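Q: What follows is a protein structure lacking sequence information:
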């Protein structure tokens with residue numbers, strides 16, 4: 001299984017530690033094509049190079065897992081592309097009083113949105129979502 005993990009990079013890195021833990025969980029289910037999302041900030045590549053590389057990974061993956069707590073235009077774009085290609089998408093979201101999930105995700109019947117409050121809960125959701 002080839003897994004595309006999406007998380008905010010330019011939109012904010014406050015959840016980078018969560019991304020790292022989620023990628024470790026995702027490794028149990030297959031190859032995570034985008035492990036770098038958990039470990040880096042900006043890359044040395046140009047925007048065009050990043051776009052081409054990431055779109056190649058996205059079009060060749062079997063599933064997308066997106067952590068959508070920190071809003072990101074890029075993550076939203078990736079989710080839309082995946083959905084248009086018929087790739088299953090799981091969005092993980094940690095609710096809080098000052099945050100609201102985008103209606104374009106929450107109201108979309110074509111993707112699964114699951115709320116979680118700890119990485120342990122997210123790990124359980126991943127176990128339920130991925131084929132055993």
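A: Nice, I can see it. Keep in mind that what you see is a predicted model, and the values were worked out from it rather than measured. Numbering: from 1, shown residues only.
Q: where does the most centrally placed residue in the chain land in three-state SS?
A: The centre of the chain sits closest to residue 66, judged by C-alpha atoms, centre = their mean, with a distance of 1.8 Å. Following DSSP: H, G, I helix; E, B strand; the rest coil, residue 66 is assigned to strand.
Q: quick one: contacts for it?
A: 5-7, 75, 78-79, 89-92 (C-beta atoms under 8 Å, 6 or more residues apart in numbering). Quick note: C-beta positions are derived from backbone N, CA and C, even for glycine.
Q: In TSV, list these along with pLDDT, distance to residue 18 and secondary structure.
A: Formatted as TSV, the contacts of residue 66 follow (pLDDT from 0 to 100; distance: C-beta to C-beta, whole Å; DSSP: H, G, I helix; E, B strand; the rest coil):
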residue	pLDDT	distance to residue 18	secondary structure
5	95	11	strand
6	94	13	strand
7	90	8	coil
75	95	14	helix
78	97	18	helix
79	97	18	helix
89	98	18	strand
90	98	15	strand
91	98	14	strand
92	98	9	strand
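Q: By neighbours, which of those residues wins?
A: residue 7 (28 neighbours; other C-beta atoms under 10 Å).
Q: Quick check: the gap between that one and residue 105.
A: Using C-beta to C-beta, to the nearest Å, residue 7 is found at 14 Å from residue 105.
Q: one step back: from residue 113, how far out is the residue nearest to the centre of the chain?
A: On the measure of C-beta to C-beta, residue 66 and residue 113 end up 9 Å apart.
Q: again with residue 87
A: Distance from residue 87 to residue 113, by C-beta to C-beta: 16 Å.
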